[in-house]
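Participant: could you work out the structure for the sequence below:
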Amino acid sequence: MAWIEKNGIQYYRISRTIGKRLNENGYEVPVRREFVGRTKKEAVQKYEAYLENRANDITNANVYFGITADAWIKEFFIPDDSLKGSTKAQYLSSWNRFIKTTEFYSYPLKEVTSKVIQRHYNELYEQGVSSNAIRYANLLMKKFFKYIDTEGLGRNITASLSVPKGNVQKKSQEIIVWEDEEISRILGCLDQADPRFRFRLLIVIAYYTGCRIGEILGLTYDDFQDGLLSVNKQHARDLDFDEDGNIKAKYDISEPKTANSIRKIPLHKTVLSELNIHKRWHLKEQLKKGYRTDYLFTTDSGKLYDPSNVRTALNRYYQRIGVEEKNIHAYRHTFGTNLCRQGVPIQTASKLLGHDDISTTAKYYVNVSDEEKARAIEKLAVNLAIPC
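Facilitator: Just a heads-up that it's a prediction; the model follows:
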């Protein structure tokens, strides 16, 4: 605080930190501003008026939305350990697709109002973007503007934002499964596959255990003991930065999604036989390529797989043997449906599948054919016919 002279008149000057900005190197630095009055009281009043104006979101004309958002994501959001990498990936995927590509991403922060954002959400929905995708972008928007408010860069304008919803039809409850003829061909042609086909065992495990792809890619040889498969971890997507600061995906092993996902599954003899075949081949490859791993499925350098590469390899196999491509989750659906067709109690099926809610398992029972239901009723009739 100090007295200064301008044009022969004495003024009182105070200096205050009013927020932060990004410097030319991309680092946050404090922003200070001077407030001048004929008296100390007048200078303070001008500072207080500035604070009131800022609360009304009419300051920060030189702070840009996109530059600030990019820096916040890199410095604050990505390192946040309270969120799983897969959750961050969902947020960022929607943000990069539906927010970062907008015209307002280059606007000064003060020009990005709740009206501008809400109009954009509505337009996205009208263009066919799902409410769920918009919701992820909006969740990240709320976190970002909370930071804006905390740092004094502006007002949190997200309270009035809403994700558009309409009379959208729910996704079909149809369960996609492998037909008997298809699965017979898939398993029967494995002997004709290239001996270097490293996903031969993966197909067998998927069909005979119903495990999720993340659970399968997280399996080690020690998870197979005494005829049982212990499912206690999963392969998960996380986030990292490359040398240029760009976000990239990385893969790691983490805890299962829920406590009920931890389970033991009895193993079919086919799985045990294929496990021995795979282990012998795998040991030879490790010696040849010079890497060591306890995981069943890695690249030929011992690194964890990107699941998209697994899907590509499986689709090539299906094309070669003349089977229509289906998502790898079809094996899990087939496993669940077959349990129901065999009359396995829904509680048991739910435990084997690692479901949290038995209602999730019930969808597989819907897939039981009318003929199978009729046969079940016939069995009841036979029992009733037994004389007392």
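Participant: surely residue 134 is within a helix?
Facilitator: Yes. Residue 134 forms part of a helix when assessed by DSSP: H, G, I helix; E, B strand; the rest coil.
Participant: just give the nearest non-adjacent residue to it, would you?
Facilitator: residue 163 (5.1 Å; CB to CB, 6 or more residues apart in numbering). Every C-beta, even on glycine, is put in place using the N, C-alpha and C of the backbone.
Participant: quick one, what contacts the one you found?
Facilitator: 121, 131, 134, 135, 138 (CB atoms under 8 Å, 6 or more residues apart in numbering).
Participant: in PyMOL, select just the buried ones from these.
Facilitator: To isolate the buried ones among the contacts of residue 163 in PyMOL, judged by 16 or more other CB atoms under 10 Å, type:
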select buried, resi 121+134+135+138
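Participant: a markdown table for the contacts of residue 163, including distance to residue 227 and pLDDT?
Facilitator: Output for those, formatted as a markdown table (distance: CB to CB, whole Å; pLDDT from 0 to 100):
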| residue | distance to residue 227 | pLDDT |
| --- | --- | --- |
| 121 | 53 | 95 |
| 131 | 46 | 91 |
| 134 | 48 | 94 |
| 135 | 44 | 93 |
| 138 | 49 | 95 |
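Participant: show me this structure divided up by domain.
Facilitator: Each domain of the chain is listed here as a residue range: 2-55, 65-160, 180-373, per automatic domain parsing.
Participant: which one of those domains has the lowest average pLDDT?
Facilitator: Within those, confidence is poorest for domain 2-55, with a mean of 75 (mean pLDDT).
Participant: got a list of what the nearest residue to residue 230 once chain neighbours are set aside touches?
Facilitator: Computed as CB to CB, 6+ apart, the closest residue to residue 230 that is not its neighbour in sequence is residue 223, at 4.8 Å. Residue 223 makes contact with 229, 230, 231, 232, according to CB under 8 Å, 6+ apart.
Participant: now, which of the residues you listed lie within strands?
Facilitator: Mapping the contacts of residue 223 onto strands (DSSP state E) picks out 229, 230, 231.
Participant: out of these, which is nearest to residue 11?
Facilitator: Closest approach between the ones in strands among the contacts of residue 223 and residue 11, by CB to CB: residue 231, at 73.5 Å.
Participant: what's the neighbour count on that closest one?
Facilitator: Neighbours of residue 231 under the rule other CB atoms under 10 Å: 22.
Participant: check residue 343 too.
Facilitator: Neighbours around residue 343, by other CB under 10 Å: 10.
Participant: where along the protein do the helices fall?
Facilitator: Counting by DSSP state H, one finds helices in the chain at the ranges 40-55, 65-72, 85-98, 114-126, 131-150, 180-188, 200-209, 213-217, 269-289, 307-321, 329-341, 346-353, 358-365, 370-384.
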